[in-house]
Each structure stands twice: as C-alpha cells, then as structure tokens.
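K.L.:
predicted model and sequence below, questions to follow.
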Amino acid sequence: MGIFGDLLKTAVGDDAREPEQQSRGLIEGLIDLLQDPATGGVEGLSKSLEKKGLGAEAASWIGTGANRSVSPGKLLEALGASRVDAIGRRAGLSGSSAAAAIAAILPALIDKLTPDGRAPEPARIRELGGTVLASAAPAAPKKADFSNVQAGSSSTAPAPAPQEQWYTVAPGDSLSKIAKRYYGDAQQWRRIYDANREQVKNPDLIQPGWKLRIPAAAQKRD
Amino acid sequence: MRITFALAVALALLACDRSETSAPPASTPPVSAPAPAAAPEPARVSAIDLGNAIGADKRVTAPGAAFAPGDTIFASIATEGASPSLTLTARWTYEDGQLVSESSETIAPTGPATTEFHITKPDGFPAGRYRVEISANGAAAGARDFEVR
C-alpha cells in the first residue's frame, strides 16, 4: 500500500475500504481545491490556514522538516464543511471521516508538492499533482480480460435420446412447410414423409387433423 | 339414414379420442423395457475435483487447487444415479466477480458417470483466486475454489 493509502487507513480505519482508490480521490479533490483561483494555490491555502491559527502547521508542510499534524476539527473549520464534504465525496467519505481523511492526506500532499521547501506556482500544481498521483497512489489495476477463454466439456454418460415430436396437420399445411418449421429446411420434407409412410400415401396430399411423427433433428454433441 | 348418422357420430367420437392422444396408437413404439422393480436413484453430483489433466475416464489425474497460468483447468464432476436428462453447468469466476466462462453439458446417465469441464486461455490466466460453481438442472451442486500462481 502507498503512503497515502496508509495514512488514510490510519485516519479512518474501516471507512478506508479501498485505501488506494480513496486516497487517490482525495488527492484529486485537494489538487482541484489548490487549483481553484479562490484558493490561490499552496501559498493561498497556507495564508488561509494561517488566518485560522494553523500557520505553523501549514509552514511545516511546505518546509523541508517534519510535518506537523492538524486536528480534523480545526481543518474542517478552516476549509469549511462544504469543501470538506465535496472532497470527501471523492472517496465516499463524509462528515468527520472526510475531515479526518483530509487532515491525514493534506500535510503529506503539500509536502510532496513542495520538495524544495517553497510553494509552487499555481499553474504548476496540476503537473506536480499528477506526479504525486502517479508515484503515490497507483491507478486501479487493469481489469483482467477473459474474452479469449476457451471452454469445453465431455462426459462418460450418454447424451439424452433425441425427443421425437408429433404434429397435427392444419389446413394449408404441406410436408415442406412442416419441415421448414421443425428443421429450418423445407427440403427435409422426406424425413417426415418416410417416418409416416403408413399414414401418408402421397406426400403431396396430407389431411388436416392427421398426427405426423416428426423425427428428431440430427443430434449435436461436441 | 339414422344408422348412417349414428355410425358417423361414433367415428367422430373415436377421432376425437385419437386427437387427444399424444401419439397415434398404430404407430406408437412399443414399450420394450419392463418397469424395474425399484425406481432408479435420481442422478446427483457426488464429487467435484479440479486438476490440470484428465484421463480417458474423464477424472482428473492429480486433484489440486493451484495452477500455472498456462494450464488447462479441468473440473471433473462425478455423478451417481440415473436420469433421462441431466444438465450440468460449470460457472467459472475470477476473484473480482468477473465471469470467466460458463458452459453446460446435458447427459442421460444410467449409473455412475463422470463429466469434465475445462477452460484454457491462450495468453495465460491472470494470477489470482478463482471459483467454479457446479449446478445440476439449475440447482447448486457444489463449488471449488482454486488459485492461479
């Protein structure tokens, strides 16, 4: 598991059902937040946090030293509940879980976006964020492709006996029509004729109401 | 005239009787086998084994639950009892729930029999956990888990 997945798991426990994917969603949400002109990039966010009494924490994330932790409650207050919820939804989290998750992810993300201890230009955040995503939260594994799986079967048991059918001749019927109906091929009328020689003396003359034996179609077996 | 009419009615009734019969009496094949003293046991699945090879008897030569990606994976289904028509279905799934393959074999066992299902993948099966579920005439008859390493 990557660093962000680990952080998420530690922060929200069982709510981190798919930590890699959820942390990826959170990172994407936070990058969108940083790119928002209203936020003003890492520097703008840092100033906003400073106004809410989180200046030392934000400075530690940008600096090259150890990251200071931030309480979910203070971060929720600083970012606002609507922002926290919007970002949390990217990971299927809401309320206190979303705040806890962002409090765990944000310091590490800012740290990764500021490797030289300085806030990057807002225009570079997308590019830097992409690098963070690629290295820290790998994309979902490609779904396995089973389209070329070949299957077969066989048995020591015999196949079921073909089912013989019976058909009652209706007005307008002919052996060809009946053959077409049962075999999909009018030319197979002789099979029906041969199976009913006792009753059908003339294949061109069948009477409504006659019951004709319909031999089973050729049996198929792999 | 009255006699003729009565005869016609009688013939018509006879014709009606015939029309309600599923097969014309004159051509109905005779029942050759006498009824057995006791009804045969209905067919049922008695064993499911997995392996990467089978013998002429359709049984896996070495039962196992771990396979290489390039293996042909066989599920050998032993049945007991008799049935005029028993449809066995093998449903193979991957660990994420994806359907790998599903196929059926309809048999008419008269006693103990073995039916094999197999799957292959030219470019190899992805590593992971798999399951094959066997059903008989639509009813679940057992399942086996296996792994491709």
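P.N.:
Nice, thanks for sending it over.
K.L.:
okay, now residue 143: neighbour count?
P.N.:
I went with chain A, as the question did not name one. Using other C-beta atoms under 10 Å in any protein chain shown, A:K143 has 10 neighbouring residues. Placement of C-beta: from N, CA and C, glycine included.
K.L.:
correction: the question concerned chain B.
P.N.:
14.
K.L.:
can you tell me the SS state at it?
P.N.:
Assigned by DSSP: H, G, I helix; E, B strand; the rest coil, the conformation of B:A143 is strand.
K.L.:
then B:I77?
P.N.:
strand.
K.L.:
show me what the longest strand seen in chain A is packed up against.
P.N.:
In chain A, taking DSSP state E as the definition, the longest strand is strand A:150-155. When contacts are defined as 3 or more C-beta pairs under 8 Å, 6 or more residues apart in numbering or on different chains; DSSP states H and E, strand A:150-155 sits against strand B:86-94, strand B:99-107, strand B:113-120.
K.L.:
mind listing what it pairs with, with the direction of each?
P.N.:
Strand A:150-155 has its sheet partners listed here by DSSP bridges as strand B:113-120 (antiparallel).
K.L.:
what lies in contact with the partner strand?
P.N.:
Around strand B:113-120, the neighbours that count as contacts under C-beta atoms under 8 Å, 6 or more residues apart in numbering or on different chains are A:149-157, B:54, B:57-60, B:71-79, B:88, B:90, B:92, B:100-101, B:103, B:105, B:107, B:132.
K.L.:
swap the cut-off to 7 Å and go again
P.N.:
Outside strand B:113-120, the residues within contact range by C-beta atoms under 7 Å, 6 or more residues apart in numbering or on different chains are A:149-157, B:54, B:57-59, B:72-79, B:88, B:90, B:92, B:100-101, B:103, B:105, B:107.
K.L.:
neighbours of B:T114, just the number please.
P.N.:
For B:T114, using other C-beta under 10 Å, the count is 22.
K.L.:
residue boundaries of the strands in chain B?
P.N.:
B:44-51, B:66-67, B:73-80, B:86-94, B:99-107, B:113-120, B:128-136, B:139-148.
K.L.:
does A:G88 touch A:A98 like I think?
P.N.:
Yes: using C-beta atoms under 7 Å, A:G88 is in contact with A:A98, at 2.4 Å.
K.L.:
buried ones in the longest strand of chain A?
P.N.:
A:153-155 (16 or more other C-beta atoms under 10 Å in any protein chain shown).
K.L.:
again, but for stretch A:82-96
P.N.:
Applying a neighbour-count criterion of 16+ other C-beta under 10 Å, one finds A:83-88, A:90-91, A:93 buried in stretch A:82-96.
K.L.:
residues in contact with it?
P.N.:
With contact meaning C-beta under 7 Å, 6+ apart, stretch A:82-96 is reached by A:12, A:15, A:22, A:25-26, A:28-30, A:33, A:72, A:76, A:97-99, A:101-102.
K.L.:
just the closest of these to chain B, please.
P.N.:
For the contacts of stretch A:82-96, the closest approach to chain B (C-beta to the nearest C-beta) belongs to A:Q22, at 17.4 Å.
K.L.:
could you check the pLDDT of the residue nearest the centre of chain A?
P.N.:
Computing the C-alpha centroid of chain A and ranking residues by C-alpha atoms, centre = their mean puts A:K143 first, at 8.7 Å. What the model reports for A:K143 is a pLDDT of 84.
K.L.:
look at it and give its secondary structure.
P.N.:
A:K143 - assigned by three-state DSSP - is coil.
K.L.:
ok, it - contacts?
P.N.:
Contact analysis of A:K143 by C-beta under 7 Å, 6+ apart lists nothing.
K.L.:
beta partners of the spatially most central residue of chain B?
P.N.:
With distances taken as C-alpha atoms, centre = their mean, B:T87 lies nearest the centre of chain B, 2.4 Å away. In this entry, B:T87 is beta-bridged to B:T106, by DSSP bridges.
K.L.:
what's the local residue count around the closest residue to B:E80 other than its chain neighbours?
P.N.:
Counting by C-beta to C-beta, 6 or more residues apart in numbering or on different chains, B:E80 lies nearest to B:S46, which is 4.7 Å off, once chain neighbours are set aside. By the criterion of other C-beta under 10 Å, B:S46 has 15 neighbours.
K.L.:
gap between B:S46 and B:P84?
P.N.:
Using C-beta to C-beta, to the nearest Å, B:S46 is found at 19 Å from B:P84.
K.L.:
sec struct for A:R83, please.
P.N.:
Following three-state DSSP, the label given to A:R83 is helix.
K.L.:
distance check, it against B:I119.
P.N.:
50 Å.
K.L.:
before we move on, what about A:K142?
P.N.:
Taking C-beta to C-beta, one finds A:K142 at 21 Å from B:I119.
K.L.:
repeat that for B:R149.
P.N.:
16 Å.
K.L.:
the more surrounded of those two?
P.N.:
The neighbour comparison of B:R149 against B:I119 (other C-beta under 10 Å) goes to B:I119, with 23 against 9.
K.L.:
beta partners of that one?
P.N.:
For B:I119, the beta-bridge partners under DSSP bridges are A:A151, B:I73.
K.L.:
now do it, the pLDDT please.
P.N.:
Note for B:I119: predicted pLDDT of 97.
K.L.:
over to the one 5 residues further on?
P.N.:
The pLDDT attached to B:G124 in the predicted structure is 95.
K.L.:
got it, and B:I3?
P.N.:
pLDDT for B:I3: 45.
K.L.:
same thing with A:G44?
P.N.:
Among the per-residue scores, A:G44 shows a pLDDT of 89.
K.L.:
for it, which residues are in contact?
P.N.:
A:G44 touches nothing, counting by C-beta under 7 Å, 6+ apart.
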